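[1] starting from these lines, generate the structure:
(one chain, ligands or ions: 1)
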Amino acid sequence: MSDRLDTLLHERRTFPPSAAFRRAATVRSKAVYQQASRQRLRFWAAQARELEWDRKWTKVLDWKPPHAKWFVGGKLNASANCLDRHVRTARRNKVALLWEGEPGDRRALTYWELYREVNRFANVLKGLGVRKGDRVAIYLPMIPEAVIAMLACARIGAPHSVVFGGFSAESLRDRINDAEAKVLVTADVGHRRGQLVPLKNNADQAVAECPCIAHVVVVHRERGTTDAGLAHMKAGRDHWYHELMDGADAYCKPAVMDAEDMLFILYTSGTTGKPKGIVHTTGGYMTQALATTRLVFDLKEEDVFWCTADVGWVTGHTYLTYGPLAAGATCVMYEGAPDWPDKDRLWAMVERYGVTIFYTAPTAIRAFMKWGTEYPKRRDLSTLRLLGTVGEPINPEAWIWYHKYIGASRCPIVDTWWQTETGGIMITPLPGVTTTKPGSATVPFPGIEATLLDGSGEEIATGGGFLAITSPWPGMLRTIYGDDARYRQTYWSRWDDIYFPGDGAKRDAQGYFWILGRVDDVLNIAGHRLGTMEVESALVSHPSVAEAAVVGKPHELKGQALAAFVILRSGHQRTGDLEDELREHVVKKIGAIARPDDIIVTAELPKTRSGKIMRRLLKDIAAGRALGDVTTLADPTVVAALKTKYEDEG
Ligand code: PRX
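    Presented below is the predicted three-dimensional model:
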């Protein structure tokens with residue numbers, strides 16, 4: 001974090017919007033900020049009116065800290081907002097999804113076609129006994145059925161819990177059981193870097209220990225692979241998606257949902273070993289999703305919008321599915337790896353579909369930089385007019401590269417700060433009005449109130465502190481599923497009635513925010529959130545491990561990587577490939593995103609006299625930095641020995 005601060009302190013470049021961009025922009029005047037801050041609730045009510053409501057709300061906000069209700073008494077359906085209202089207009093024939101599979105197969109679904117698929121799948125779910133309020137787990141590759149399944153759930157009022165396809169069987173099992181999902185929607189396989197990902201096999205392992213699951217619906221992604229045994233179908237429990245769809249009625253009346261009815265649960269990592277089920281409701285979430293999609297991405301009818309995030313993460317919920325579809329946009333969706341079959345895959349797709357707005361993560365941008373400019377140069381990127389980033393701090397060097405080589409120095413960049421918990425974008429430029437600075441997410445979106453506080457809650461005007469959100473916002477999480485005490489404790493216990501996101505930030509003299517990174521034991525590995533405790537629990541579940549401490553270390557491409565320090569059980573006979581075995585063990589427990597880069601087997605860990613592991617020192621060791629203050633250590637020789645060992649092995 002301190003390295004980042006040093007870099008940012010020297011960053012002086014500024015990028016005002018061009019006159020041409022400003023002239024055509026949806027928001028052209030800064031007055032929107034003053035209006036929204038003078039009449040915050042009125043601003044959000046105006047945004048909510050961009051949705052279609054079955055019944056209007058009676059009160060914009062009911063705030064009983066830390067619980068908020070937005071658009072009280074309002075009724076609406078998220079799927080009807082993404083589909084029905086468009087098929088009544090000329091958008092009926094507009095392409096909603098431009099999809100490409102990794103092997104090169106393609107599908108384009110118009111709003112009408114997507115509407116029909118969603119209606120039919122909603123009827124399929126009903127036929128399997130799914131009722132309003134029942135949870136449905138979705139474990140799919142990036143295929144149209146993922147979006148169809150989400151919207152079908154929304155249509156019948158069944159909250160979905162999408163689990164990223166890269167998560168292991170055990171991670172899937174824990175998420176299904178925590179949400180007590182009744183149905184699981186999965187696929188036989190997915191494609192990733194030329195390999196088949198055996199989703200159904202993982203799902204089978206998971207579901208074997210999920211008594212709540214009554215039915216599994218399996219999308220036949222790869223016709224012909226079944227015989228090879230890739231998907232074993234269990235009679236009575238498992239059903240082919242296409243077979244159920246064949247008999248399904250093409251219309252399903254959307255359920256009338258209360259603004260505060262749950263739309264979805266999405267699990268994310270926290271500071272304990274157990275992921276948190278973040279609960280989002282309908283009216284507020286949809287309002288913020290639509291408002292930010294329209295205003296941050298300056299969305300126009302003719303745009304082709306590509307958010308590269310997987311549906312398994314919140315970005316794929318808000319900016320691949322709900323936001324752009326509510327706005328009636330044409331969205332690009334891609335199944336596979338960015339370097340398959342070659343490193344120009346994304347740019348080939350930008351060219352093929354004439355993408356105008358492109359939204360990705362800094363970790364991807366750093367990979368593009370490393371691969372070199374020859375790949376984007378091969379393709380015509382002249383349709384692009386706006387670029388975005390999300391998920392982790394972007395280093396100014398990557399920002400400038402993105403601006404120059406992808407945006408041809410013409411496209412504004414929106415660096416958007418938000419979280420699974422916030423539901424939608426919170427701190428961001430508005431591309432037609434904000435002068436951007438590389439590395440800064442700039443200022444809060446209109447209607448969002450953020451500041452910097454110190455530990456005791458004193459406001460910090462300029463300098464570094466904890467990021468804080470000082471008033472409720474429509475897309476905010478409502479609770480942690482099944483654990484409201486943890487909700488209060490995690491987000492609302494640091495200061496009175498102020499939300500604590502867990503990020504450190506700096507504010508400059510112009511009031512711009514520069515997000516520095518997490519201040520808790522949550523890591524950001526290649527834009528994916530991971531709790532150090534989760535990885536530690538995975539490690540100690542291995543029979544040879546007695547104790548483990550996991551920390552993040554800076555990584556050129558991924559932003560952060562994992563370093564694990566492990567103490568073996570006494571009497572354990574060490575084998576040569578133990579480190580690899582432990583890495584694979586973590587992958588099996590959590591998924592490939594949690595594979596530790598470094599595993600250091602040690603006899604001791606640096607501890608305070610009271611026995612607490614000093615992670616700060618482990619971070620210094622992993623980062624190859626000079627050691628910080630060691631005076632509180634029980635045995636200072638431990639850490640010196642560990643540092644030498646790390647340098648030798650690392
Ligand atoms: O640390 C912040 C970082 O990602 C965290 C949220 O992760 P997640 O819930 O997985 O959502 C990611 C996508 C919204 C934050 O607490 N983060 C997100 N966006 C940015 C960021 N850090 C710096 N700049 C950003 N633009």
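[2] in the stretch 101-250 of the chain, which spans are strands?
    In the stretch 101-250 of the chain, the strands defined using DSSP state E, counting those that start in this stretch lie at 106-110, 136-139, 160-162, 183-187, 190-192, 195-197, 215-219, 238-240.
[3] so can I have a markdown table of those showing mean neighbour count and distance to His542?
    Yep, even glycine has a C-beta here, placed from its N, CA and C like the rest. Output for the strands of the stretch 101-250 of the chain, formatted as a markdown table (neighbours: other Cβ atoms under 10 Å; distance: least, Cβ to Cβ, whole Å):
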| stretch | mean neighbour count | distance to His542 |
| --- | --- | --- |
| strand 106-110 | 15 | 42 |
| strand 136-139 | 27 | 25 |
| strand 160-162 | 26 | 28 |
| strand 183-187 | 28 | 28 |
| strand 190-192 | 22 | 26 |
| strand 195-197 | 16 | 24 |
| strand 215-219 | 24 | 30 |
| strand 238-240 | 18 | 32 |
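[4] what comes up buried for the host helix or strand of Thr7?
    Taking DSSP states H and E as the criterion, Thr7 maps to helix 2-9. Residues of helix 2-9 classed as buried: Arg4, Leu8 (neighbour count, 16 or more other Cβ atoms under 10 Å).
[5] what's the answer for stretch 591-601, then?
    For stretch 591-601, burial by neighbour count (16+ other Cβ under 10 Å) applies to Gly591, Ile593, Ala594, Arg595, Pro596, Asp597, Asp598, Ile599, Ile600, Val601.
[6] relative to Asp503, how far out is whichever residue of the stretch 151-300 of the chain sits closest to the ligand?
    Nearest residue of the stretch 151-300 of the chain to the ligand (Cβ to the nearest ligand atom) works out as Thr268 at 5.2 Å. To Asp503, Thr268 is 14 Å away according to Cβ to Cβ, to the nearest Å.
[7] what is the neighbour count of Asp249?
    When counting by other Cβ atoms under 10 Å, one arrives at 12 neighbours for Asp249.
[8] same check, this time on Leu76
    Counted with other Cβ under 10 Å, Leu76 comes out at 25.
[9] quick one, what contacts Ala179?
    For Ala179, the contacting residues are Arg135, Ala137, Pro159, Ser161, Ile265, Gly277, Tyr481, by Cβ atoms under 8 Å, 6 or more residues apart in numbering.
[10] most widely separated two among the residues you listed?
    Farthest pair in the contacts of Ala179 (Cβ to Cβ) is Ala137 and Tyr481. Separation: 12.6 Å.
[11] next, the contact list for the closest residue to Gly455 other than its chain neighbours, please.
    Excluding its sequence neighbours, the residue lying closest to Gly455 (Cβ to Cβ, 6 or more residues apart in numbering) is Phe466, at 7.3 Å. Going by Cβ under 8 Å, 6+ apart, Phe466 touches Leu452, Leu453, Asp454, Gly455, Arg494, Phe500, Asp503, Gly504, Ala505, Val519.
[12] please redo it, this time with the cut-off set to 7 Å
    Phe466 makes contact with Leu452, Leu453, Phe500, Gly504, Val519, according to Cβ atoms under 7 Å, 6 or more residues apart in numbering.
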